[in-house]
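# curious how this folds, go ahead:
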Amino acid sequence: MPRELTEQEELRRQHLDALREAGVDPYPAEEWAVSHHAAEILNTFDDALPEAEGAEPFRVRVAGRMMTKRVMGKASFFHLADESGRIQIYVRRDDLPEGFYNTVFKKLLDTGDLVGVEGEVFRTKMGEVSIRAEVFKLLAKSLKPLPVEKEIVDEETGEKRIFNEVTDPEFRYRRRYADLALHPEVRNVFMKRAQIITAIRRFLDERNYVEVETPALQPLYGGAAARPFATHHNALDMGLFLRIADELYLKRLIVGGFEGVYEIAKDFRNEGLSRFHNPEFTMLELYVAYRDYDWMMDLVEEMLEAIVAELHDSTDVQVGDHMISFQRPFKRIPLLEAIQEKTGYDLYLKSRDEIEETVKTLGLEIDASMGVGKLIDEIFGEFVEPHLIQPTFITDYPVELSPLAKRHREKEGLTERFELICNGKEICNAFSELNDPLDQRVRFEEQVRLAREGDDEAVNTVDEDYLRALEYGMPPTAGMGMGIDRLTMLLTNQDSIRDVILFPLMRPIGVMPVHTWVKGPSDLLNAFAESINGLYLAGEKHVGLLKRVTPIGGGVGPGPHKTSEIVVYFHHSVTSHSAVFLTNAALDHFVRERNLVNKRRHFIVSEGETEGYNRALEMFEMHSKEQDGETGSMK
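As a prediction, this is how the structure comes out:
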C-alpha cells in the first residue's frame, strides 16, 4: 500500500511535473564533467595575487547538492555541497537563459536537488569565495526533503544545540544516505576506514604477501568459536554455512606452498548485536610460513604504528578520555600473570573445580558447560580486559581456549597465542599455528564434546579435509586475525561499531512483535519475570508498549540452573532500540527496588542510548509509584 505523502513531498512532485512541462529534464542522462571540487577551489583561489597580463579568469565546473537557498529578487545565493565540502554559488537572472531564473530556479528548484554549475570564481563583498553561475543545469530532482537542522540557544547558559532527525542514531543507521548527505564528518569516518584498509594492503603487499580469496559458503564452518548462519544450496541439495573465519582455508594454502597469504573479507556470526558486535563484519587474516607468534607480535605493532602515523600524522590517538600511543614497543604480559595481578589468584595448572571455586569467590555467574578455558576467560573479561587502555599483548592462553594454536614450547597447558587489547577491547588474535595433525584431531574432538554438552560456540563436526591437509605437512606458521571494524572504531574515535559500518544490520520496524533477550542469574530473572508480569503489564494502558515477559530455560546438566534467560515482547510499533531501552530500564528498576546485586547482567541485542534509557527508566519508576499509591508497595 503506497504511503501517504507529506505536504513537502506533494509540492516537490508538483515541481517535477512543472519542470517537464517547461522542457527541463529532471533526470538527464548526459555527462556533466566536473573540473574542480569545493575544497580544492577554496584552498587554491587567491584574489590577492596579481594577474599576469592576459591571464584567463579562474573558471570551474562543479556539481553537487543544492543547500541553504536564499532568493533575493534578481539574484540569489545557495551553497552547493559535494564530496569535499561546500561552496557558495551566486545566481543572477541576467547571467542565465531568458526565463530560467524566474520560472525554474526561483519556483521549481528545491534544497536537496542535484545541480551542475559552471562559472568564474570570485570573492563577494562579505569576503566569501563563490562561483558566479553562468551555466546552470539540473542533474537530479529531489522528491524528499532532507531533515532540516534547527539550532536552539539555551537562554541560561548560552549553549548552542543543533537538532534534526539525523542526530537520532536509529534514524542515522537506517537512512545512512540522509546521514551522509547532511554530515560530512560521517563521510570522513568512512574515508578514513578506506584509508586504513589501503594502508594495511600496502604494508602487506610491500612484504610480498599474496592477497587471496577463499569461500564465503562452506560445507563446514571453523576457525573460530561462534554460531554460524546456515543456508541451503538447492541445485546440490546440500546444507552450507556462511564462514565465521577464513583461517582453515588460508592455512590449506600454506600447505600448498604459499609462504605468505592474507585476506580482507566479510565474516558472518549468528550472534547478538552490541556496540562492538555486528553479525556481518570485516576481518584481516594473515598467515606466514616459518614464523612464530613472537615474530607476529613484532609485525603487528610495526603495522599499527605505520597505519596510525599515516592516518593522524602522529602515533598518538585521542579515544574518548584517553590518549592512546601506538609507538612501539607495546607492553606484553601472559594472560595468567595479568589475572593474578588484578585478582591475587594464581590459576596456572589449577583443576576445573579449583578454578570454579575462584570464579564463585569473585562473584561471577557460570554454568556447567564451561570448561577451564571459558572460566578463565570469564575472569579475564571481568577483571582485566576493561582496564587495558594502552595497546597490550596478552599472551600464552590455555589450550582449552585455543584449539588451533600450537602448545607452548615451555609452559604446560598453555599455547603460543596472543591477543592485542586496546581501550578495553580485543583488536587482534594470533597464534603459532598448530601443525601437528594428531594433536589437531584431539582438539577438534574436544570441541565436538563441548558442543554436545551445550556449548553453542564450539564446532560440532571434525573437519576431516583440513586434517588431511595437515597430514601432508604444514610448515611452522604464524597466523593473525584483526577486526577492521574495531580498529576503525579505535582510530576514528567512534563509540559504536554501527558508526563505522555503512549499512549495519537493523531489526525491521512494524513487521512483527519486537523481542529482546536478557541473560543473568536464574533466581533474579525468575523474580523479575513474575514482578514485571504483575506490575508492568498493567502499564500497558500507561505506555502501550510492554506486552509480556516469559522465563525460558538456561544452563546445562542436572540440578538447578546457574543462569537463565527471559524474553521480553513489545508491541509491533516499537523499534529494537526502544525495546532495549525498556528492558534495561525495567530490570535496573527492579534490581534497584530490591537492593539486589547483578554484576553479570548483559543484553544480547544492541545497547540503548543514554537519553532513551533514562526516559524509559523514569517511565517505569513513575508507573511503580502509581501502583504503590493504588495497591500498596509491590516490593
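
# contacts for stretch 17-28, please.
Stretch 17-28 has contacts (Cβ atoms under 8 Å, 6 or more residues apart in numbering) with 16, 103-104, 107-108, 137-141. Heads up, the C-betas are built off the backbone N, CA and C, glycines and all.

# from one end of it to the other, what's the distance?
15 Å (Cα to Cα, to the nearest Å).

# pull out the buried positions in that stretch.
Using 16 or more other Cβ atoms under 10 Å as the test for burial, stretch 17-28 gives 19, 24, 26.

# next one: the lengthiest strand in the chain to chain centre, how far?
The longest strand of the chain (DSSP state E) is strand 59-72. Mean C-alpha position of strand 59-72 versus that of the full chain (Cα atoms, centre = their mean, to the nearest Å) differs by 34 Å.

# cool, and stretch 429-437?
With Cα atoms, centre = their mean as the basis, stretch 429-437 stands 29 Å off its chain's centre.

# how near is E357 to I366?
According to Cβ to Cβ, to the nearest Å, E357 stands 11 Å off from I366.

# tell me which of these two has more neighbours.
I366 (17 against 13; other Cβ atoms under 10 Å).

# and the gap between the spatially closest residue to that one that is not a sequence neighbour and T415?
In space, and not counting its chain neighbours, I366 is closest to V359: 5.5 Å by Cβ to Cβ, 6 or more residues apart in numbering. As for V359, its distance to T415 is 21 Å (criterion: Cβ to Cβ).

# more neighbours, the two?
Counting neighbours by other Cβ under 10 Å for V359 and for T415 shows that T415 has the greater number, 26 against 21.

# for the more buried one, name its beta-bridge partners.
In this entry, T415 is beta-bridged to R407, by DSSP bridges.

# what residues are up against it?
396-399, 401-402, 405-408, 431-432.

# nearest to H36, out of those: which one, please.
Distance to H36 across these (Cβ to Cβ) is lowest for F431, with 50.4 Å.

# isn't the closest one right up against L414?
No - the pair F431 / L414 is not scored as a contact, 11.9 Å apart, by Cβ atoms under 8 Å.

# pLDDT weak spots in this protein?
Filtered on pLDDT under 70, the chain yields the residue ranges 1, 47-55, 148-152, 160-167, 508-635.

# tell me the centre residue of it?
I497 (1.8 Å; Cα atoms, centre = their mean).

# and that residue, what does it touch?
For I497, the contact set (Cβ under 8 Å, 6+ apart) comprises 274-278, 281, 485-486, 489, 504.

# quick one: which of the contacts of stretch 17-28 is nearest L248?
Nearest member of the contacts of stretch 17-28 to L248, counting by Cβ to Cβ, is A140, at 46.9 Å.

# spit out the contact partners of D46.
D46 touches nothing, counting by Cβ under 8 Å, 6+ apart.

# the stretch 1-150 of the chain: strands as residue ranges?
Taking DSSP state E, counting those that start in this stretch as the criterion, the stretch 1-150 of the chain contains strands spanning 59-72, 75-82, 85-92, 114-123, 129-140, 150-153.

# can you put these in JSON lines and add mean neighbour count and distance to Q447?
Shown next, in JSON lines, are the strands of the stretch 1-150 of the chain (neighbours: other Cβ atoms under 10 Å; distance: least, Cβ to Cβ, whole Å):
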{"stretch": "strand 59-72", "mean neighbour count": "17", "distance to Q447": "53"}
{"stretch": "strand 75-82", "mean neighbour count": "20", "distance to Q447": "53"}
{"stretch": "strand 85-92", "mean neighbour count": "20", "distance to Q447": "53"}
{"stretch": "strand 114-123", "mean neighbour count": "19", "distance to Q447": "54"}
{"stretch": "strand 129-140", "mean neighbour count": "19", "distance to Q447": "54"}
{"stretch": "strand 150-153", "mean neighbour count": "10", "distance to Q447": "55"}
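
# fine, thanks again, bye for now.
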